[in-house]
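>>> Okay, predicted coordinates and the sequence, questions at the end:
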Amino acid sequence: MDTFSYKLNDTGVVLNPTDTSVLPFVDITKVSGLDTPELRTTERDHEGTDGGFLDAEFEKMRTIVLEGQVIGDVNYVETFLDTLKGNWAPRRTSIPFYFAHPGVAERCIFVKPLGCRYDIDALRRVGSADIQFICQAEDPRIYDTALQTVQVAQGLPITTGTSYPLAYSFGFGAVVSPEGSMVVNGGNRPTPAVITLTGPVTNPVIYNDTTGNTLTFEIDVATGDTLVIDLGYRTVKLNGSVSRRSALIEPDWFLLEPGGNFLRYRATTGGATSASVAFRNAWR
């Protein structure tokens with residue numbers, strides 16, 4: 001998209017286009033809601049002394065408002081407004097809202113549109129109308145539009161016993177496996193990821209060595225089946241639809257922290273198929 005342009009969904013109308021020679025178009029004059037979202041705060045008094053305690057760790061939903069003016073032909077502006085109302089009609093599920101600002105890659109927020117608002121006044125006589133677009137994001141994160149995928153090779157099989165990180169070529173019982181991949185979140189806030197494990201694999205384990213978190217599963221994933229782990233929604237689904245949340249016996253959930261995250265994938269038994277980690281860089 002052009003610099004300072006905005007678009008709802010992949011097939012939506014581009015707002016604030018650079019080429020204004022083709023009528024009609026929307027000239028955006030103000031955008032609010034792309035700064036820090038409102039924080040969810042809780043205050044408590046500190047008994048016996050001055051001051052208190054403030055909990056402000058999490059953000060509320062993000063509300064985005066775009067204001068501008070429709071510039072068009074008096075005979076076609078009504079049809080264009082119908083198109084905009086259809087584009088910004090309410091949806092059951094969140095859809096991407098794209099925006100392009102100078103100096104950074106195109107970004108998106110997953111929102112539910114809340115319609116567009118305009119009055120019929122004297123501007124309509126010249127084919128124009130002041131207009132406002134509103135949407136709300138259940139997930140307040142701002143994402144890069146590019147979806148990244150990193151493969152994490154399956155390490156040596158997990159065995160029982162005591163492991164020793166000795167410098168020579170033998171150990172006692174268990175195997176120490178250094179295999180893994182660095183997954184880099186290039187944003188400035190933790191981001192969720194979707195991890196897909198392809199069978200055959202028995203009792204898979206995902207380690208985030210950077211954060212010290214571990215996801216341990218007790219399940220047999222057959223050949224051709226997949227186990228889809230959504231770190232954002234904290235779901236575990238077989239073939240993307242059948243819930244197997246009960247297979248997670250160590251629910252030590254994590255997000256990908258800003259910067260590098262070293263992930264390892266191991267299992268009791270399994271083939272040579274790597275784990276697939278899909279994510280987007282996330283921004284505040």
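Arrived safely. Numbers count the residues shown, from 1 in each chain.
>>> Run through the chain and note the low-pLDDT ranges.
Per-residue confidence for the chain (pLDDT under 70) gives these ranges: 158-178, 271.
>>> where exactly do the helices run in it?
Here the chain has its helices, by DSSP state H, at 77-87.
>>> got the angle for the longest strand along it vs helix 77-87?
Taking residue count as the measure and DSSP state E as the definition, the longest strand of the chain comes out as strand 107-118. Strand 107-118 and helix 77-87 meet at an angle of 130 degrees, taking axes from the mean of the first three to the mean of the last three Cα atoms, to 10 degrees as the criterion.
>>> Partner strands of strand 107-118 and their direction?
Applying DSSP bridges to the sheet, strand 107-118 is found paired with strand 95-100 (antiparallel), strand 128-137 (antiparallel), strand 142-144 (antiparallel).
>>> Touching the longest one from outside, list them.
With contacts defined as Cβ atoms under 8 Å, 6 or more residues apart in numbering, strand 128-137 is touched by 8, 15, 26, 61-72, 77, 81, 84, 88, 94, 97, 109-121, 123. In this view, the C-beta of every residue, glycine as well, is placed from N, C-alpha and C.
>>> I'd like to know which of the strands paired with strand 107-118 lies nearest to Met182.
Taking Cβ to Cβ as the criterion, strand 142-144 is the member of those that comes nearest to Met182, at 17.9 Å.
>>> The closest residue to Gly127 other than its chain neighbours: what's it in contact with?
Spatial nearest neighbour of Gly127, excluding adjacent residues (Cβ to Cβ, 6 or more residues apart in numbering): Val74 at 4.0 Å. Val74 sits next to 124-127 when contact means Cβ under 8 Å, 6+ apart.
>>> about what we covered before: may I see the strands paired with strand 107-118 organised as JSON lines, with distance to Gly187 and mean neighbour count added?
Converted to JSON lines, these look like this (distance: least, Cβ to Cβ, whole Å; neighbours: other Cβ atoms under 10 Å):
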{"stretch": "strand 95-100", "distance to Gly187": "15", "mean neighbour count": "19"}
{"stretch": "strand 128-137", "distance to Gly187": "16", "mean neighbour count": "19"}
{"stretch": "strand 142-144", "distance to Gly187": "7", "mean neighbour count": "21"}
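>>> could these go into JSON lines alongside distance to Ala153?
Converted to JSON lines, these look like this (distance: least, Cβ to Cβ, whole Å):
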{"stretch": "strand 95-100", "distance to Ala153": "31"}
{"stretch": "strand 128-137", "distance to Ala153": "35"}
{"stretch": "strand 142-144", "distance to Ala153": "25"}
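>>> what about those strands, which gets the closest to Glu47?
Proximity to Glu47 (Cβ to Cβ) singles out strand 128-137 among these, at 37.8 Å.
>>> Convert that closest one to PDB, retaining C-alpha atoms only.
The C-alpha coordinates for strand 128-137 follow below in PDB (Å, rounded to 0.1, in the frame of the first residue of the first chain):
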ATOM      1  CA  SER A 128     -18.300  14.900  -0.500                       C
ATOM      2  CA  ALA A 129     -19.100  13.700   3.000                       C
ATOM      3  CA  ASP A 130     -17.200  13.800   6.300                       C
ATOM      4  CA  ILE A 131     -16.800  10.200   7.500                       C
ATOM      5  CA  GLN A 132     -15.600   8.200  10.400                       C
ATOM      6  CA  PHE A 133     -14.500   4.500  10.500                       C
ATOM      7  CA  ILE A 134     -14.400   2.500  13.800                       C
ATOM      8  CA  CYS A 135     -13.000  -0.900  14.600                       C
ATOM      9  CA  GLN A 136     -11.900  -2.700  17.800                       C
ATOM     10  CA  ALA A 137      -9.200  -5.300  18.400                       C
END
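>>> roughly how far apart are Tyr76 and Thr216?
Here the criterion is Cβ to Cβ, to the nearest Å. By it, Tyr76 lies 61 Å from Thr216.
>>> between those two, who's got more neighbours?
Just comparing Tyr76 and Thr216: by other Cβ atoms under 10 Å the higher neighbour count belongs to Thr216, 17 against 12.
>>> how deep is the residue lying closest to that one once chain neighbours are set aside tucked in, by neighbour count?
In this structure, Thr216 finds its nearest non-sequential neighbour in Glu250, 3.6 Å apart by Cβ to Cβ, 6+ apart. Neighbourhood size, Glu250 [other Cβ under 10 Å]: 13.
>>> and Glu250, what does it touch?
By Cβ under 8 Å, 6+ apart, the residues touching Glu250 are 214-216.
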